[in-house]
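# missing the sequence, but the structure's below:
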């Protein structure tokens, strides 16, 4: 791995990571750089908030903007769903549809519905639907964890 350091003005500070494939090492570097040892920075009403990863119920992307939902609050997050999923997928976050990632540890209840989909009730009683495209993988995760 090649590392290049270049001094610039404070306004120009930027970190670019070039990779052939996302690996645990790359994920660790990104988490370290972002200071994400179990926490994220989200914004709400023009202010920054530190959010504990286990408190996240789900994330949703709407028109290219990522929103993070906790039990009581909604925050704007400066990460794409794909990047969040690659960073935190090992911590119980699962892509349940094209535009949503859920925290499987914050699921209260599951119900199969028509079209091979799954209706998920989260801890805050909100309902999220796992699309049929992702339902098979979700069921296999549940079976694997039950063993």
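Noted; the coordinates are in hand. Source: prediction; values computed, not measured.
# distance-wise, check the residue minimising distance to the centre of the chain relative to residue 116.
When the chain is reduced to its mean C-alpha position, the nearest residue by CA atoms, centre = their mean turns out to be residue 84, at 3.9 Å. Computed with CB to CB, to the nearest Å, the distance linking residue 84 and residue 116 is 26 Å. Backbone N, C-alpha and C define where each C-beta goes, glycine included.
# remind me which residues of the protein are low pLDDT?
28, 31-37, 145-147 (pLDDT under 70).
# select the longest helix from it.
Counting by DSSP state H, the longest helix found in the chain is helix 132-146.
# contacts for that one next, please.
Residues outside helix 132-146 that contact it (CB atoms under 8 Å, 6 or more residues apart in numbering) are 94, 95, 96, 97, 104, 115, 116, 117, 118, 130.
# those: which two are farthest apart?
Longest distance between any two of the contacts of helix 132-146 is 20.9 Å, between 104 and 115; criterion CB to CB.
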